[in-house]
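Q: Predicted model, plus sequence, below.
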Amino acid sequence: MFDVQREVLEWGGRRLVLETGKVARQADGAVLATYGDTVVLATVVAAKAPKPGIDFMPLTVNYQEKAFAAGRIPGGFFKREGRPSEKEVLVSRLIDRPIRPLFIDGWRCDTQVIVTVLSHDLENDPDIVSMVAASAALTISGVPFMGPIGGARVAYVDGQYVLNPTLDQMKNTSLDLVVAGTQDAVLMVESEARELSEDVMLGAVMFGHKGLQPVIEAIIRLAEMASKEPREIAKPDHSALEKAVLELAEADLRAAYKITSKQERYDAVDAVKAKINGHFFPEGQEAGGFTKEEVGAVFKDLQAKIVRWNILDDGARIDGRDVKTVRPIVSEVGILPRTHGSALFTRGETQAMVVATLGTGDDEQFIDELEGTRKETFLLHYNFPPYSVGETGRMGSPGRREVGHGKLAWRAVHPLLPQHHEFPYTIRLVSEITESNGSSSMATVCGSSLALMDAGVPLRRPVAGIAMGLILEGERFAVLSDILGDEDHLGDMDFKVAGTDTGITSLQMDIKITGITEEIMRVALAQARDGRLHILSEMGKALTGARAELGQYAPRIEVIQIPVDKIREVIGSGGKVIREIVEKTGAKIDISDDGMVKVASANHESIAAALNWIKSIASEPEPGHIYDGTVVKVMEFGAFVNFFGPKDGLVHISELAPRRVAKVTDVVKEGDKVKVKFLGMDDRGKTRLSMKVVDQATGEDITEKLRAERDAERAQKQTA
């Protein structure tokens, strides 16, 4: 019944199986990929006819994780998978980015790639398997895909590269790098690193590219057995149209692209476009054999050529800079009065307002993943409102672009944060892009670093980011530092590098052509380092390190450790005790299963009161220590003092004062605040306290002073 084709290979120490012909047979292409015990299904379906009236390739990639894959039932009220999680969005982008440039120009049929995780062994992350499965499904589907591609993850453990590390191995790595590419070239890189050098990062990219070659070969073998007939795509001859548009628009476009102001340049380009449309589609007359989409596509290609020719021929960029110069930078901190930390980072016509907020354990984000539920204490949210580019647009929940750019900045900053036990706050950064003309994600990195330091978060070092571009024509190429938006759209590479003055913390690369060599990447990394160091020096004019203290409105958090067997007593039956502590002290309290207690408040007195209360429940008073207490009962023989949480002790009448006391009420009465020294327990297990050995004004232990006075009196009597 089934005509199953299968390819099996050993890859990275595990068995990879690619299978087609059994599942999802009505899709144009379907591949079941198994790596270890992780199984994903990738399907490809393309519409039979082109989508009319569009000038782009309509590709959609959907990656979805099913809870049953890890033997779990989804959380929440409905108990079924809902809107995509952040990881699902990020992996969808991870698959989309390397495959999109490989479709033949002019493909306009709706194309959908769906990747579903069916089984997860909790050892092999499904993202790499999904990328491989999607590539295989596209290769056999018959759509005009000039692949296949392969993908691999690279870790760096004890100075050695590791191909496709397990989830356990990833806990000890200083690098998490994903690389995708064809047999000949790298197409995409995504990474987080712990301040690694340019040489180590480039070595990881090349190691990963070499490591994915066996997968590409396996996909080719599978396609030889199972691929469908390639779909033909009619490509019209536009040579005459291209010549006509060039003659009409070249001079005007060259002049437009010498205008440094973005909006003025756009207005000039729009005027040239209107001139072209007026020529080919005169009002009241029929078009001369071309559609508006065809003319628009040729005009767009000419725009790219003009920009590229200017850079390669004259070294002249759109805004007049040379290839290495970074646009003017202005860094400001503390711009918002009531926030915990804030910064405004402006680079040319790109601007990010970043705000840092410090929270407590109550603010940690619960993340429900196939591997289980975990808490995240560092959040970075990126927003790109339409006004940032002078346009109107939809406002709503963040799209894929916002999620992806936010995660890129998160990866850049995350390695520099202090350990949570050293700085026990939940940290949220929000980046509002208020202007955009090139690399707002890297502006977010710079602004995030400044906002965190302004909030008093002890970053190990400031971090900055820069976006690099590439123009490649034959043997000639130019690497561009700090690219504009137009240079990003019209160039051959988007290469984002973030890091400190010590090394790289994040690297993201998207390449639109297949001719990038190792040497070009080496040049780009070196040039990016120079640019990054320049940006760090400009940021240093505003702030060079974290402020010594937290902001006035930030909560303070103190951490103590209590015995695990005392947690129940601190919480109380039904939470009664901890609720009472919170209500009476005004502090927030978070208790972990390991006995770590975090007490937070903007008021130091609230924290001290809550800590003393918790300590009194979870520990015993120490003999010889002095405590603040309250007289709760007066008797003829002494006073009972509450001094350690709920614990009371007796101050005998002989211990009330350094002098002889006739009546207890001559010294204290109920409700008095006193200072007592815990002397220990008597033979009957009763608590013994003393007031006479404590200076009631200062809290100082005066035991030795009293002994010296007695010795002096005794000596004086003996002399007499």
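A: Received, thanks. From a predicted model like this one, the values you see are computed outputs, not experimental measurements. Numbers count the residues shown, from 1 in each chain.
Q: measure residue 696 to residue 651 for me?
A: Note on residue 696: its distance to residue 651, by C-beta to C-beta, to the nearest Å, is 12 Å. Quick note: C-beta positions are derived from backbone N, CA and C, even for glycine.
Q: out of these two, which sits in the busier spot?
A: residue 651 (28 against 16; other C-beta atoms under 10 Å).
Q: ok so, going back, intersection of neighbour lists for residue 696 and residue 651?
A: Residues touching both residue 696 and residue 651 (C-beta atoms under 8 Å, 6 or more residues apart in numbering): residue 674.
Q: Wait, a strand at residue 678?
A: Yes. According to DSSP: H, G, I helix; E, B strand; the rest coil, residue 678 belongs to a strand.
Q: Just give the closest residue to the most centrally placed residue in the chain, not the sequence neighbours.
A: Residue closest to the mean C-alpha point of the chain, counted by C-alpha atoms, centre = their mean, is residue 410 at 2.3 Å. Excluding its sequence neighbours, the residue lying closest to residue 410 (C-beta to C-beta, 6 or more residues apart in numbering) is residue 380, at 4.3 Å.
Q: Thought residue 441 was touching that neighbour, still the case?
A: No. Using C-beta atoms under 8 Å as the test, residue 380 is too far from residue 441 to be in contact (10.7 Å).
Q: and for those two, which residues touch both?
A: Common neighbours of residue 380 and residue 441 (criterion: C-beta under 8 Å, 6+ apart): residue 409.
Q: follow-up on the earlier one: let's verify the residue nearest to the centre of the chain: helix, strand, or coil?
A: Classification of residue 410 using three-state DSSP returns helix.
Q: I'd say it and residue 378 touch.
A: Yes. Look at residue 410 against residue 378 with C-beta under 8 Å: they come within range, at 7.2 Å.
Q: Bridged to residue 30, which residues?
A: With DSSP bridges as the criterion, residue 30 is bridged to residue 43.
Q: ok now do it, which residues does it touch?
A: Contact analysis of residue 30 by C-beta under 8 Å, 6+ apart lists 20, 23-24, 41-44, 137.
Q: what do you get if the cut-off is 7 Å, keeping everything else the same?
A: When contacts are counted by C-beta atoms under 7 Å, 6 or more residues apart in numbering, residue 30 touches 20, 23-24, 41, 43, 137.
Q: for residue 376, same thing?
A: 364-365, 367.
Q: Which strand residues bridge it?
A: When assigned by DSSP bridges, residue 376 has beta-bridge partners residue 365.
Q: Over to residue 10?
A: As assigned using DSSP bridges, the partners bridged with residue 10 are residue 15.
Q: And residue 431, by the same measure?
A: residue 354, residue 382.
Q: from what I can see it touches residue 447, true?
A: Yes. With contact defined as C-beta atoms under 7 Å, residue 431 counts as touching residue 447 (6.2 Å).
Q: Who has more neighbours out of those two?
A: residue 447 (33 against 28).
Q: and the more buried one, which of the three is it?
A: helix.
Q: dump the residue contacts of it.
A: 343, 345, 352, 354, 431.
Q: again, 8 Å this time
A: Residues near residue 447 by C-beta under 8 Å, 6+ apart: 343-345, 352-354, 431.
Q: Where in the chain is the helix or strand with the lowest mean pLDDT?
A: For the chain, the helix or strand with the lowest mean confidence is helix 703-719, at a mean of 80 (criterion: mean pLDDT, DSSP states H and E).
Q: C-alpha coordinates for it, CSV please?
A: C-alpha atoms of helix 703-719 as CSV (Å, rounded to 0.1, in the frame of the first residue of the first chain):
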residue,chain,number,x,y,z
THR,A,703,29.0,42.8,80.4
GLU,A,704,32.7,43.5,80.5
LYS,A,705,32.1,47.1,81.7
LEU,A,706,30.0,45.9,84.6
ARG,A,707,32.6,43.2,85.5
ALA,A,708,35.3,45.8,85.6
GLU,A,709,33.2,48.1,87.8
ARG,A,710,32.6,45.2,90.3
ASP,A,711,36.3,44.3,90.3
ALA,A,712,37.2,47.9,91.0
GLU,A,713,34.6,48.1,93.9
ARG,A,714,35.9,44.8,95.4
ALA,A,715,39.5,46.0,95.2
GLN,A,716,38.6,49.3,96.9
LYS,A,717,36.9,47.5,99.7
GLN,A,718,39.9,45.2,100.3
THR,A,719,42.2,48.2,100.4
